[in-house]
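> Here is the input, now give the coordinates:
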Amino acid sequence: MSTEVEPHEAAEAEELASAATAAATPDVVADSLGEYVKIWWARVRSGESGFLPVLLGLVVIVVYFQVRNSLFLSAGNLVDLMTQASWIVMLGMAEVFVLLLGEIDLSIGYSGAIGATIALWVLLPPNPWPWPVAVLIGLAVPALYGAVQGVIITRLRLPSFVVTLGGQLAGLGLLLYVMNEAAPSGGGTIRLYPGVLYDIIAGSMSPAAGWIVMAALVVAAGALFITRDTRRRASKLAAPPASVTWLKVAAMAVAGVAVVLISNANRGRFLVVVRGVPWVVLLILVVVVAYSVLLGRTRFGRYIYAIGGNAEAARRAGINLSRIRVLAFVLAGLTAGIFGIILASYLGSMSTGVQGGNDVLYAVAAAVIGGTSLFGGRGKMLGAVLGGVIVAVIYNGLELLGLGASAQNIWTAIVLIAAVTVDTTARRGRSST
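Residues are numbered from 1 along each chain as shown. Next up, the predicted model:
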C-alpha cells in the first residue's frame, strides 16, 4: 500500500484520529465543579464509567483482605506488593499497544524472557559486559521479535492470535536453546549477580531521595496539568473547571505522599533496617508517563486509536495501517524486554522454568481489567497499571490467607470476566445512546 497521502486525505486522517482519541479519552466541558459532577455522572450512567469500576473493585478487594488478615496493609506487605505487581504491570502495558488495535500478542512472555536471558548471559563473570549494553540487548531482542511477527501479520494478513501463538511456542524453544548455551554447566539457570539490574527490585532510594523525587514529580505534573487546562479554557476548548484540575493535582500529591510514607517505614527484620522507595516504582512511573504521552499526545497514538476504532475508515482516510501495526508490535516487544529485566531482578535469575505462557495471560487480564477494550480503540496505560495491581493484590492477599494457586487463578478469572462484562455492557450502552 502506498504511503503517499493527498493533502485532503491527510487532513481527514488527522480529523479521524483526533476524533478517535477524543472518544477514547473524552473531556468534560463544564464551568463549575457541580456541573462537572452532573455531566460526569450522566456519562457513567450511559456507560462511560472510565476507571470507576476498577477503583471501586480495588477498594473492595483491599478491604476484604484487610478484614481477613490485618497484615495486608502493613508497610512491609504493601512494599512487597509493589514489587510483585511490577512485572505484571509492565507486561500489561506491553499488551495494551496491540489490544488498542484489536490485535493480541501471546509471545511477549517468552520474548521478554529471551531478552533477559541474553542480557544476564553477557553479564556473567569473569568478563561481564557493561550493564547498559546488556540492557540494550535485552530490549532489542524482544523488539526485533515483535517486529518480525508484525511484518508477518500485516504482509500475509494472518490473524495475530495464530501468528503470536506460534511465536509463543517458538519463544519457548528459543529460550531452552539460549539457556542451554548460556547456563553454566547446562544447569538451566543463569544467575543475576548484584549490581544495577539486581537493585531494580532489591534496591531502594534513600528516604530523603524518595521525598525529593516525589515532590519534583508532583510539581512537574501539576504544572503541566494546570498550564494545559488553562490554555484550553482560554481557547474555548473542552477542559475541566479549575477546581477539578486542582483536585487532580491534590490527588497525585496524596498518592505520592502515601507511597513514600509506606516505603520509608522500616520493613527490615531484627537489626536490619530497610527503608526507601524501591527503584522499580520509579521505573514503572517513568514508563507509564512516557507511554501515556505517546498515546495521548502524538500522531502515532491518535492513529492507533483510529485504527482500533475503525480500521477501514482509518485506511480510507490515508493512515498506513501496516506501518502502525508493525510499530505497535515492536513497542509491545520493547516493553516486554523491560518486563524481562524486571522479572530477572525479581527472581534473581532466569531459568527454563519461566512461565511465559501464563505470564502473558496475566498481562491480558491486567490490561482488560484496567479498561482496555478487547475490541480495540479504547484504553489507557494507567488502566494497565491499575489492572496489574488488582491481579497482584488478589495473589498477595490469597497467599496471606494461606490459599494456593487454584484459588488465585479462580478469583483472577472471576475479576477478568467481570471486567469484560463491564466493557461489553458499556459498549452496548454507548451504542444505544
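> which residue packs closest to Ala265, ignoring adjacent ones?
Nearest residue to Ala265 in three dimensions, chain neighbours excluded: Ala75, at 3.7 Å (CB to CB, 6 or more residues apart in numbering). Placement of C-beta: from N, CA and C, glycine included.
> Now for Ala116: which residues touch it?
Ala116 sits next to 138, 337, 340-341, 343-344, 350 when contact means CB atoms under 8 Å, 6 or more residues apart in numbering.
> As TSV, the residues you listed with pLDDT and distance to Leu172 would be great.
TSV is the format used below for the contacts of Ala116 (pLDDT from 0 to 100; distance: CB to CB, whole Å):
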residue	pLDDT	distance to Leu172
Gly138	95	18
Gly337	95	17
Gly340	95	14
Ile341	95	19
Leu343	94	15
Ala344	94	17
Met350	91	13
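> Please narrow the residues you listed to those residing in strands.
Those of these mapping onto strands are Met350, per DSSP state E.
> Now the element after the helix or strand bottoming out on mean pLDDT in the chain, going C-ward?
When each helix and strand of the chain is scored by mean pLDDT, DSSP states H and E, helix 7-24 comes last, with a mean of 50. Remark: after helix 7-24, the chain's next helix or strand is helix 33-45, criterion DSSP states H and E.
> Buried residues, the next helix-or-strand element following that next one. List them.
Remark: after helix 33-45, the chain's next helix or strand is helix 52-68, criterion DSSP H and E. Within helix 52-68, the residues that count as buried by 16 or more other CB atoms under 10 Å are 53-54, 57-58, 61-62, 65.
> can you pull out the helices in the stretch 201-350 of the chain?
207-234, 242-264, 279-297, 299-309, 311-316, 321-347 (DSSP state H, counting those that start in this stretch).
> Nearest to Ile200, out of those?
Relative to Ile200, the nearest member of the helices of the stretch 201-350 of the chain by CB to CB is helix 321-347, separated by 4.1 Å.
> how far does the closest one sit from the chain's center?
In terms of CA atoms, centre = their mean, to the nearest Å, the centre of helix 321-347 is set 11 Å apart from its chain centre.
> Go through that helix and flag the buried ones.
Within helix 321-347, the residues that count as buried by 16+ other CB under 10 Å are 321-322, 324-347.
> And for stretch 393-409?
For stretch 393-409, burial by neighbour count (16+ other CB under 10 Å) applies to 393-400, 408-409.
> And for stretch 271-281?
So stretch 271-281, judged by 16+ other CB under 10 Å, has buried residues 275-281.
> okay, these in CSV with distance to Leu382 and pLDDT next?
As requested, these are exported to CSV (distance: CB to CB, whole Å; pLDDT from 0 to 100):
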residue, distance to Leu382, pLDDT
Arg275, 27, 87
Gly276, 24, 89
Val277, 19, 91
Pro278, 19, 93
Trp279, 20, 94
Val280, 17, 94
Val281, 15, 93
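> Max pairwise distance over the residues you listed: which two?
Arg275 and Val280 (15.6 Å).
> What is the distance between stretch 299-311 and the centre of its chain?
The chain centre lies 18 Å from the centre of stretch 299-311; the measure is CA atoms, centre = their mean.
> Also stretch 84-99?
Its chain's average C-alpha position is 4 Å from that of stretch 84-99, according to CA atoms, centre = their mean.
> For the remainder of this discussion, apply numbering that starts at 469.
From this message on, residue numbering opens at 469, which makes the last subject stretch 552-567.
> CA atoms of that stretch as PDB?
The C-alpha trace of stretch 552-567 is given here as PDB (Å, rounded to 0.1, in the frame of the first residue of the first chain):
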ATOM      1  CA  GLN A 552       5.200  -8.300  43.000                       C
ATOM      2  CA  ALA A 553       2.900  -6.100  40.800                       C
ATOM      3  CA  SER A 554       5.800  -4.500  38.800                       C
ATOM      4  CA  TRP A 555       6.300  -7.300  36.200                       C
ATOM      5  CA  ILE A 556       2.600  -7.800  35.800                       C
ATOM      6  CA  VAL A 557       2.100  -4.100  35.200                       C
ATOM      7  CA  MET A 558       4.900  -3.900  32.700                       C
ATOM      8  CA  LEU A 559       3.700  -6.800  30.700                       C
ATOM      9  CA  GLY A 560       0.200  -5.500  30.800                       C
ATOM     10  CA  MET A 561       1.400  -2.200  29.300                       C
ATOM     11  CA  ALA A 562       3.100  -4.100  26.600                       C
ATOM     12  CA  GLU A 563      -0.200  -5.800  25.700                       C
ATOM     13  CA  VAL A 564      -2.100  -2.500  25.600                       C
ATOM     14  CA  PHE A 565      -0.300  -1.400  22.400                       C
ATOM     15  CA  VAL A 566      -1.700  -4.300  20.400                       C
ATOM     16  CA  LEU A 567      -5.100  -4.600  22.200                       C
END
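> quick one: Ile809 and Asp667 touch, right?
No. Ile809 is beyond contact range of Asp667, at 11.8 Å (criterion: CB atoms under 8 Å).
> that older thread, out of the buried residues of stretch 861-877, what pair is the most spread apart?
Spatially, the most separated pair among the buried residues of stretch 861-877 is Leu868 and Asn877, at 16.8 Å (CB to CB).
> how many neighbours does the closest residue to Val828 other than its chain neighbours have?
In this structure, Val828 finds its nearest non-sequential neighbour in Gly577, 4.0 Å apart by CB to CB, 6+ apart. Using other CB atoms under 10 Å, Gly577 has 28 other residues around it.
> Ok, Ser703 next?
When counting by other CB under 10 Å, one arrives at 8 neighbours for Ser703.
> what about it, distance to Pro593?
Between Ser703 and Pro593 the computed distance is 59 Å (CB to CB, to the nearest Å).
> quick one on the thing from earlier: dump the contacts of Ala584 into a markdown table; add distance to Tyr504 as well.
Putting those into a markdown table (distance: CB to CB, whole Å) gives the following:
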| residue | distance to Tyr504 |
| --- | --- |
| Gly606 | 45 |
| Gly805 | 41 |
| Gly808 | 42 |
| Ile809 | 41 |
| Leu811 | 41 |
| Ala812 | 45 |
| Met818 | 49 |
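> And the furthest pair within the contacts of Ala584?
Largest separation among these by CB to CB: Gly805 and Met818, giving 12.8 Å.
> element containing the spatially most central residue of the chain?
Central residue of the chain (CA atoms, centre = their mean): Met561, 2.4 Å from the mean position. Per DSSP H and E, Met561 falls inside helix 543-567.
> Next, the angle from that helix to helix 710-732.
Helix 543-567 and helix 710-732 are oriented at 130 degrees to each other (axes from the mean of the first three to the mean of the last three CA atoms, to 10 degrees).
> Show me what helix 543-567 is packed against.
With contacts taken as 3 or more CB pairs under 8 Å, 6 or more residues apart in numbering; DSSP states H and E, helix 543-567 sits against helix 576-590, helix 710-732, helix 747-765, helix 789-815, helix 824-837, helix 849-868.
> Perfect, that will be all.
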